[in-house]
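Trainee: Please find the sequence and the predicted model below.
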Amino acid sequence: MNREQALAIVKEQLTEHRYLHTVGVMETAINLAAKYGADTKKAELAAIFHDYAKFRPKEEMREIIIKEGMPSELLEYNSELWHAPVGAFLTEKEAGINDKEVLDAIRYHTSGRPGMVLLEKIIYLADYIEPGRHFPGVGEVRDLAETNLNKALIKAVQNTIMFLMKKGQPVFPASFQTYNDLVMNKED
Ligand SMILES: Nc1ncnc2c1ncn2[C@@H]1O[C@H](COP(=O)(O)OP(=O)(O)O)[C@@H](O)[C@H]1O
């Protein structure tokens, strides 16, 4: 599937604002992939589809999580988390993309996971720093991403956890595990 075909498929699923975000994630992911030696075509495809399920009704997502045997713990946490694993499932089912690396990058783009591979890191980070994002701390992560992918990712995961905790919201544990994994295996 080429870029135009992929973008046309997701455009139908998204609002204009979310579509523009997706294009920003795509461009950022391609740049990061080129810089850090990942497959730019896979980065492009994963970025285009990362929010494919963003606007599916909650009930549909809940059913898919249960039926497809996804971690039921997800249902106890912020439903904002659901579109990532459900998006991976629907990207395969409805768009026919079956590349496991691409699907995993979509699946883990919101929570992260311990042992993230390069493509997963790139999509998580591209989602966080694409040019349309404007929130406190994003500039620091953008700067880090120029030179050190892991340091940028640690900062992004840390900011996300701290943002949720400051609001007194529950934190899905995969993000803590991601943070610990990255910090404990830091290479510099
Ligand atoms: N571990 C977590 N526990 C609970 N909510 C989380 C966790 N990680 C991210 N989120 C929340 O999920 C939401 C969606 O994040 P994300 O998928 O990265 O962005 P978007 O869908 O806008 O591209 C954000 O509001 C974020 O705070």
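Mentor: Structure received. Only a predicted model underlies this, so the values are computations on that prediction, with no experimental measurement involved.
Trainee: Near the ligand, which residues of this protein are found?
Mentor: Residues of the chain lying close to the ligand (CB under 6 Å from any ligand atom) are 51, 54, 77-78, 80-81, 109-111, 127, 160, 164, 171-172, 175. Any C-beta I mention is one placed from the backbone N, CA and C, and that applies to glycine too.
Trainee: got the buried residues for the helix or strand harbouring residue 41?
Mentor: Residue 41 is located in helix 40-49, with elements delineated by DSSP states H and E. Residues 42, 43, 44, 45, 46, 47, 48, 49 are the ones in helix 40-49 that count as buried (16 or more other CB atoms under 10 Å).
Trainee: Which member of the residues you listed is positioned nearest the ligand?
Mentor: Among those, residue 47 lies closest to the ligand (CB to the nearest ligand atom), at 10.5 Å.
Trainee: In contact with that closest one: list those residues for me.
Mentor: Residue 47 is in contact with 22, 25, 26, 28, 29, 30, 123, 126, 127, counting by CB atoms under 8 Å, 6 or more residues apart in numbering.
Trainee: Can you pull up the most central residue in this protein?
Mentor: residue 109 (2.0 Å; CA atoms, centre = their mean).
Trainee: sec struct for it, please.
Mentor: Following DSSP: H, G, I helix; E, B strand; the rest coil, residue 109 is assigned to coil.
Trainee: Backbone dihedrals for it, both of them.
Mentor: Dihedral angles of residue 109 (phi, psi; degrees, to the nearest 10) stand at phi -70, psi -20.
Trainee: likewise residue 171?
Mentor: The phi/psi pair for residue 171 (degrees, to the nearest 10) is phi -120, psi 120.
Trainee: begin at 95 from here
Mentor: Got it, first residue is 95 now, which makes that one residue 265.
Trainee: same for the lengthiest helix in the chain, what does it pack against?
Mentor: Secondary structure assigned by DSSP state H gives helix 110-130 as the longest helix of the chain. Judged by 3 or more CB pairs under 8 Å, 6 or more residues apart in numbering; DSSP states H and E, the packing partners of helix 110-130 are helix 97-105, helix 134-143, helix 212-223.
Trainee: which stretch among those helices comes nearest residue 188?
Mentor: Closest to residue 188 of those, according to CB to CB: helix 97-105, at 8.1 Å.
Trainee: elements contacting that closest one?
Mentor: helix 110-130, helix 134-143.
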